[in-house]
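Enquirer: missing the sequence, but the structure's below:
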């Protein structure tokens with residue numbers, strides 16, 4: 001793709017607004033892009049984008065010969081819509097949307113007889129960089145996972161631990177959903193007598209490790225062992241992000257410099273956008289061509305935070321910094 005992100009965004013925004021697989025041009029045919037036939041550059045962009053897709057598509061001209069229509073049939077429409085949604089996120093550096101296949105795995109976690117295998121599938125996707133932290137962030141999903149823990153299945157404790165080890169459960173949502181009985185369950189298992197049954201012992205071991213992760217992110221208060229009500233955002237605590245209203249207090253050269261939250265998020269999106277383009281994080285600095293004065297302070301703070309936590313991936317840390325900034 002030989003076009004810069006700004007030009008692609010300018011092309012894509014009106015297409016998503018007016019077409020984007022939502023307009024039925026004929027029975028069973030849905031317009032992905034509609035471009036003036038005389039606009040050579042816009043047609044070249046549409047063709048360039050569509051050369052990268054795996055779904056079946058076609059093109060033709062409108063009845064008045066004024067428009068070139070790029071379209072899909074009903075069978076390929078969901079794939080086209082999902083591709084457009086992901087493309088729109090990539091161009092602005094936002095988190096990729098959850099795919100239909102990933103969504104199916106998340107839903108299967110709650111009902112599967114082998115939840116540890118489902119959790120491992122998601123963990124493998126994470127290890128390959130196909131998903132980043134916080135993919136499980138819908139309130140209902142997180143609550144369902146916590147509810148199933150109360151069935152005390154050893155395999156599900158193992159599954160939940162796998163999810164936490166790969167940072168796949170959003171900690172802000174988990175903190176909000178964590179009830180006293182959820183914490184009591186883990187405390188009781190950790191403090192209970194050791195079982196002679198290796199299967200049951202694996203559940204106790206998993207419960208102990210789950211509890212340690214919750215302590216690490218301070219969802220549990222280490223003093224009284226209850227839910228930590230002194231915080232509202234575990235990521236902000238974990239990454240030392242200080243939020244004051246609509247400003248982030250960024251420590252620069254020993255001083256807390258207030259930057260607008262929007263600028264902080266813009267810095268995250270700029271970093272992620274260039275990572276999507278295949279650039280290496282190690283090459284980013286304040287002299288990068290995409291750098292500007294509004295994001296420079298935030299960038300320095302974020303870069304320092306990422307470089308100091310080599311145990312976590314760059315994409316995972318960007319997710320955590322974004323969530324730490326609040327909603």
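Expert: Nice, I can see it. What you see is a predicted model, and the numbers here were worked out from it, not measured in a lab.

Enquirer: ok, and the closest non-adjacent residue to residue 210?
Expert: residue 161 (5.4 Å; CB to CB, 6 or more residues apart in numbering). For the C-beta atoms, the positions are set from N, CA and C on the backbone; glycine is no exception.

Enquirer: for residue 128, give its distance to residue 121.
Expert: Residue 128 is 11 Å from residue 121, where distance means CB to CB, to the nearest Å.

Enquirer: cool, and residue 286?
Expert: Residue 286 sits 40 Å away from residue 121, going by CB to CB.

Enquirer: please apply the same query to residue 26.
Expert: Residue 26 sits 39 Å away from residue 121, going by CB to CB.

Enquirer: the more surrounded of these two?
Expert: A count of neighbours by other CB atoms under 10 Å puts residue 121 above the other of residue 26 and residue 121, at 16 against 11.

Enquirer: who does the strand or helix carrying that one touch, helix- and strand-wise?
Expert: Taking DSSP states H and E as the criterion, residue 121 maps to helix 115-127. On a contact count with 3 or more CB pairs under 8 Å, 6 or more residues apart in numbering; DSSP states H and E, helix 115-127 meets helix 100-111, helix 154-165.

Enquirer: can you say which of those is packed in most?
Expert: Across those, averaging neighbours per residue (mean count of other CB atoms under 10 Å) puts helix 154-165 on top, at a mean of 22.

Enquirer: which strands or helices does that one pack on?
Expert: The contact analysis (3+ CB pairs under 8 Å, 6+ apart) places helix 154-165 against helix 115-127, helix 139-149, helix 198-216.

Enquirer: please enumerate the helices of the chain.
Expert: 5-18, 40-50, 77-92, 100-111, 115-127, 139-149, 154-165, 171-177, 180-191, 198-216, 234-238, 261-276, 293-307, 314-324 (DSSP state H).

Enquirer: if we can go back for a sec, of the helices and strands packed on helix 154-165, which is nearest residue 186?
Expert: Comparison of these against residue 186 by CB to CB identifies helix 198-216 as nearest, at 4.7 Å.

Enquirer: the closest one packs against which elements?
Expert: For helix 198-216, the packing partners by 3+ CB pairs under 8 Å, 6+ apart come out as helix 154-165, helix 180-191.

Enquirer: next, the contact list for residue 12, please.
Expert: Residue 12 is in contact with 84, 87, 88, 91, counting by CB atoms under 8 Å, 6 or more residues apart in numbering.

Enquirer: ok, now residue 123?
Expert: Applying CB under 8 Å, 6+ apart, the residues near residue 123 are 162, 163, 165, 166, 168.

Enquirer: I'd assumed residue 122 was in contact with the second one.
Expert: Just to be clear, that refers to residue 163. Yes. The criterion here is CB atoms under 8 Å, and residue 163 meets it with residue 122 at 6.9 Å.

Enquirer: wouldn't residue 286 be in contact with residue 300 here?
Expert: Yes. Counting by CB under 8 Å, residue 300 is a contact partner of residue 286 at 6.8 Å.

Enquirer: next up, phi/psi of the residue sitting nearest the centre point of the chain, please.
Expert: By CA atoms, centre = their mean, the chain has its centre lying nearest to residue 95, at 4.6 Å. Backbone torsions for residue 95, taken as degrees, to the nearest 10, come to phi -70, psi 140.

Enquirer: against residue 314, how distant is it?
Expert: 13 Å.

Enquirer: next: residue 276.
Expert: Separation of residue 276 from residue 314 (CB to CB) stands at 12 Å.
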